[in-house]
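Chemist: Give me the fold of what follows.
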Amino acid sequence: GYGDIPLTGTPKDMTLITSLHIKAKDLAASGRTEPELIIRDKENVIHNLTPGQMIELALAGMQWVEDTMVFSWAMKDGTAPFEDGIPVDFETLETWP
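Modeler: From the prediction side, this is the model:
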């Protein structure tokens, strides 16, 4: 219900998201539901999120990291759909998570 929040996935951003996730879980556990968690996205837009929204964003970010790892490991290991090895154009593949 709050729209897209594009993130960069840098180590700094992942640390921030993890920290905000922990804080959001604590706030949610204490019954807080107001938008009080602030994050700036990669397009420099500031978002004020509820604890529930922050938890949802953090979990989506974690899923993206996991999906990216699985995808890259398949290339490295030569498993489906990369039985022929790492494609020359791997950086521009449209199938990346």
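Chemist: Could I get the phi/psi values of residue 38?
Modeler: phi -110, psi 130 (degrees, to the nearest 10).
Chemist: Could you report the neighbour count for it?
Modeler: Other residues lying near residue 38 total 11 when counted by other C-beta atoms under 10 Å. No exception for glycine: its C-beta is placed from N, CA and C like everyone else's.
Chemist: was I right about it contacting residue 48?
Modeler: Yes. Between residue 38 and residue 48 there is a contact at 5.7 Å, judged by C-beta atoms under 8 Å.
Chemist: The helix or strand harbouring residue 26: how far from the chain's middle?
Modeler: Assigned by DSSP states H and E, residue 26 belongs to helix 11-29. Its chain's C-alpha centre and that of helix 11-29 lie 12 Å apart, by C-alpha atoms, centre = their mean, to the nearest Å.
Chemist: what residue ranges in this structure are flagged as low confidence?
Modeler: Per-residue confidence for the chain (pLDDT under 70) gives these ranges: 1-2.
Chemist: can you name the farthest residue from the center of it?
Modeler: Using C-alpha atoms, centre = their mean, the residue of the chain lying farthest from its centre is residue 84. It sits 29.1 Å away.
Chemist: Name the SS class of that one, please.
Modeler: When states are read from DSSP: H, G, I helix; E, B strand; the rest coil, the local structure at residue 84 comes out as coil.
Chemist: do you know how far it is from residue 66?
Modeler: 24 Å (C-beta to C-beta, to the nearest Å).
Chemist: I am finished for the moment; much appreciated.
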